[in-house]
Every structure is written in C-alpha cells, then in structure tokens.
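Engineer: I'll drop the sequence and a predicted model, then ask my questions.
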Amino acid sequence: MGLDIRVPLGAIFLIVGGIMSVYGIVTRSSSIYEKSMGINLNLWWGVAMLVFGGVMFFFGRQQKWQDDPVTPRPWERGEGPRH
C-alpha cells in the first residue's frame, strides 16, 4: 500500500486555487486588473487550479492498490496444504 502522488498534488492545487479564487472575488472591482485588460486573472486561474486539483484528488483516491508484495504467501506462513 502506498500514497499516490495525485492525492497531495491535488490537495495543494485545491488549497492554492481556493486562496486565489477568494482573492479574485474580494478584489473584483480593483484597479489592479488594468494591466491584464480588465480580466480578473486571479479568479480565473484560481478556478482552473480548483478544477485541476479536484480532478487529481478524485482520481488519486479512486486508485485500487494491490496487496503489499512483501507480504508472505499463505504457504510461506505455514498455512495451506503440507507436502
């Protein structure tokens, strides 16, 4: 069993995207967006990061893990038929 890299990566993108989206909403009518032709880049990139992080986190949690390869087999543990 292990941790899929998509889970922490998705969590990081969800956190940063959430912060950027909130900042974009709070500063919606600010003059800082004049340089970007009036487009609220913080809001749009924050939403894009939220979507990407959600997808990564979702698919990372859906992964089915195989048994641990280090676990001994039943006959190695003394179980099963004896020969």
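Structural biologist: That came through fine. Numbering: from 1, shown residues only.
Engineer: contacts and neighbour counts: CA atoms only from here.
Structural biologist: Fine.
Engineer: show me where this protein has its strands.
Structural biologist: With DSSP state E, there are no strands along the chain.
Engineer: what residues does the residue at minimal distance from the centre of the chain make contact with?
Structural biologist: Nearest to the mean C-alpha position of the chain, counting by Cα atoms, centre = their mean, stands residue 10 at 1.2 Å. Taking Cα atoms under 8 Å, 6 or more residues apart in numbering, we find residue 10 in contact with 52-57.
Engineer: per-residue confidence at it?
Structural biologist: Among the per-residue scores, residue 10 shows a pLDDT of 94.
Engineer: how much space between the residue lying closest to it once chain neighbours are set aside and residue 3?
Structural biologist: Spatial nearest neighbour of residue 10, chain neighbours left out: residue 53 (4.0 Å); criterion: Cα to Cα, 6 or more residues apart in numbering. From residue 53 over to residue 3 the distance is 16 Å, taken as Cα to Cα, to the nearest Å.
Engineer: looking at the two, which is more packed in?
Structural biologist: Each of residue 53 and residue 3 has its neighbours counted (other Cα atoms under 10 Å); residue 53 has more, 24 against 11.
Engineer: the more buried one contacts residue 16, correct?
Structural biologist: No - taking contacts as Cα atoms under 8 Å, residue 53 lies outside contact range of residue 16: 9.2 Å.
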